[in-house]
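A.B. asks: Here is my input, please return the structure:
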Amino acid sequence: MGLLDDKVVLVNGGSQGLGASIARAAVREGATVTVTGRRPEPGEALVAELSGDGGRARYLRADLADAGQAKAAVAEVTAAHGRIDCLVNSAGLTARGTLLDTTPELFDAHVAINLRAPFFAMQAAVADMVAREAPGTIVNVITSAAHGGQPFLAPYVAAKSGLVGLTRNAAHAHRWDRIRINGLNIGWTDTEGEDATQRAFHGAGDDWREQGAARLPMGKLGQPDEIADFVVFLLSERSGVVTGSVIDWDQNVLGAAD
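C.D. replies: You can find the predicted model right below:
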């Protein structure tokens, strides 16, 4: 049996990168998965890949910067399957900005994707679970930068730090509903989005992964498939009673110093 047999799972921001890896792992573990994303091409390609493997998956086009679309994605899942069992908020905006050069527009964009979208997706998912008096699980993909981060991540840190607090608040509020809500503070991860960010904001060349890996203790960046396996574990009953935890998934020991 798979860890998520017969579970209905929504992965927001699941059409590529880490979200797509989470979708693959969930399908492998027996779930019926819906992924959201703004661009149909990667979303439809992922669904074709997963369907070809015998999995049950579909793509919903959604711009999660619009809170209404974040809520509507949950409604689409519950309309199609009668319920939602698991939610993963994996969408993220990492556009750079410091305290001094961040515009109100950039700040609002970070809040919209990195905090408001998870809030209202969780609101809709938890409402369905509570109405059915059924347990459920939620995992929010956050960031190790929520502990402080680099100066050029100011609006990103502000929004993601809010998601840390929201994760714990919602977990506490709904613990008696048997809805478990946890977060994962991931470190530097090898994804398509990170590749685009390194090239756009840091002038990186084709060897940026190798150069980055050489500066890391484990000799590699975080791998999406490894993170995805842990997300699936947190979604599953095998993670037991754990709720309200925000777990650091990184190879730098935060708070330690040489």
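A.B. asks: Packing partners of the host helix or strand of Glu76?
C.D. replies: Using DSSP states H and E, Glu76 maps to helix 67-81. In terms of contacts (3 or more C-beta pairs under 8 Å, 6 or more residues apart in numbering; DSSP states H and E), helix 67-81 is packed against strand 8-12, strand 32-37, strand 56-61, helix 117-132. The C-beta positions use only the backbone N, C-alpha and C, and glycine is treated the same way.
A.B. asks: Just give me how far the shortest one sits from the chain centre.
C.D. replies: Just to be clear, that refers to strand 8-12. Relative to the chain's own centre, strand 8-12 is displaced by 10 Å; criterion: C-alpha atoms, centre = their mean, to the nearest Å.
A.B. asks: Just the angle for the following helix or strand past it relative to strand 8-12, thanks.
C.D. replies: Following strand 8-12 in sequence order, the next helix or strand is helix 17-28 (DSSP H and E). On the basis of axes from the mean of the first three to the mean of the last three C-alpha atoms, to 10 degrees, helix 17-28 is oriented at 170 degrees to strand 8-12.
A.B. asks: Grab the CA positions of helix 17-28 and hand them over as PDB.
C.D. replies: Written as PDB, here are the backbone C-alpha positions of helix 17-28 (Å, rounded to 0.1, in the frame of the first residue of the first chain):
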ATOM      1  CA  GLY A  17       9.900  22.500  -9.900                       C
ATOM      2  CA  LEU A  18       9.400  21.200  -6.300                       C
ATOM      3  CA  GLY A  19       5.600  21.200  -6.700                       C
ATOM      4  CA  ALA A  20       5.900  18.800  -9.600                       C
ATOM      5  CA  SER A  21       8.200  16.500  -7.700                       C
ATOM      6  CA  ILE A  22       5.600  16.500  -4.800                       C
ATOM      7  CA  ALA A  23       2.900  15.700  -7.300                       C
ATOM      8  CA  ARG A  24       4.900  12.800  -8.700                       C
ATOM      9  CA  ALA A  25       5.600  11.400  -5.200                       C
ATOM     10  CA  ALA A  26       2.000  11.700  -4.200                       C
ATOM     11  CA  VAL A  27       0.800   9.900  -7.300                       C
ATOM     12  CA  ARG A  28       3.400   7.200  -6.700                       C
END
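A.B. asks: and the angle for that helix with strand 32-37?
C.D. replies: Using the same axes, to 10 degrees, helix 17-28 lies at 170 degrees relative to strand 32-37.
A.B. asks: by contact count, what packs against helix 17-28?
C.D. replies: strand 8-12, strand 32-37, helix 40-52, strand 56-61, strand 86-89, helix 192-202, helix 224-235.
A.B. asks: Same question for the third one: list its buried residues.
C.D. replies: By that I understand helix 40-52. 42-43, 46-47, 50 (16 or more other C-beta atoms under 10 Å).
A.B. asks: One more: the shortest one?
C.D. replies: Neighbour-count burial for strand 86-89, counted by 16+ other C-beta under 10 Å, picks out 86-89.
A.B. asks: Out of those, which comes closest to Trp249?
C.D. replies: Distance to Trp249, by C-beta to C-beta, is smallest for Val88 among the buried residues of strand 86-89, at 14.2 Å.
A.B. asks: List the contacts of that closest one.
C.D. replies: For Val88, the contacting residues are 9-12, 14, 19, 22, 138-141, 231, 235, by C-beta atoms under 8 Å, 6 or more residues apart in numbering.
A.B. asks: Ok, Ile142 next?
C.D. replies: Contacts of Ile142 (C-beta under 8 Å, 6+ apart): 160, 163-164, 167, 183-186, 246.
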